[in-house]
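> Need the 3D shape of this:
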Amino acid sequence: MHESSRNLAKVNSGERRYAGCRKDLAGGLCIETACWGLVRKERKKKRKWHSLIDKVWNWRNLNEAWEKVKQNRGAGGIDDVTIDEFERNLEQNLNEIQRLLRQDMYVPKPVKRVYIPKPDGRQRPLGIPTIRDRVVQQALKNVIEPIFEVEFRDSSFGYRPGKSAKQAIEQIETVRGEGHEWVVDADIKAFL
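Numbers count the residues shown, from 1 in each chain. From the prediction side, this is the model:
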């Protein structure tokens, strides 16, 4: 079987398996909410997740991803396309992203590197993806976050929805109050 035929077969099988998600979407729920509901159903049945790419390129998901990227603002990436420029051709841009994802031809652009000064005089490197890549990243996040989020421990606070540095400090204070006195702060980059 040709590779693209296998991918198409996976997608078609996935579309049938997750038809409930489309029904929820038609009812007005956002893709993220629908996927969270799907995760709860699938967990109860102890099923495994297979192809989710059809959820990523779903038109509603791409629109929701765009809205989040637009809301976050930020500078343009290596292609110098700004939020406003991307929005001027929004439908064309989202259609192109969807086409590339569907055809398994999407390739992210290199990340623009800028340096931000730190209080100690050193500089922190910052990578700025293109607006297009940020939309794809957000679309992926909308779909996979509900699946993986349930696997994290409650004591994990980094880069999680509904979790903050303030909550992490409160947790540390609670544990310290229980008699624990050691805190280890590790930065993998600092060890290299």
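
> Chain neighbours aside, what residue packs nearest to residue 70?
residue 83 (5.8 Å; CB to CB, 6 or more residues apart in numbering). Every C-beta, even on glycine, is put in place using the N, C-alpha and C of the backbone.

> What score does that neighbour have for pLDDT?
Among the per-residue scores, residue 83 shows a pLDDT of 96.

> residues near it, how many?
18 (other CB atoms under 10 Å).

> residue closest to the middle of the protein?
residue 141 (1.8 Å; CA atoms, centre = their mean).

> Could you report the separation of that residue from residue 61?
10 Å (CB to CB, to the nearest Å).

> Alpha carbons of stretch 128-138, in CSV - could you do that?
Output in CSV follows, covering the C-alpha atoms of stretch 128-138 (Å, rounded to 0.1, in the frame of the first residue of the first chain):
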residue,chain,number,x,y,z
ILE,A,128,10.4,33.5,18.0
PRO,A,129,8.5,31.2,15.6
THR,A,130,6.6,32.5,12.6
ILE,A,131,3.0,33.4,13.1
ARG,A,132,2.1,30.4,10.8
ASP,A,133,4.1,28.0,13.0
ARG,A,134,2.5,29.5,16.2
VAL,A,135,-0.9,28.7,14.8
VAL,A,136,0.1,25.1,14.1
GLN,A,137,1.7,24.8,17.5
GLN,A,138,-1.5,26.1,19.2
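
> Can you tell me what sits against that stretch?
Residues outside stretch 128-138 that contact it (CB atoms under 8 Å, 6 or more residues apart in numbering) are 56, 62, 64-66, 68-69, 72, 74-79, 81-83, 86, 93-94, 97, 101, 106, 108-109, 111-114.

> Now which of those would you call buried?
56, 62, 64-66, 69, 76-77, 81, 83, 86, 93-94, 97, 101, 106, 112 (16 or more other CB atoms under 10 Å).
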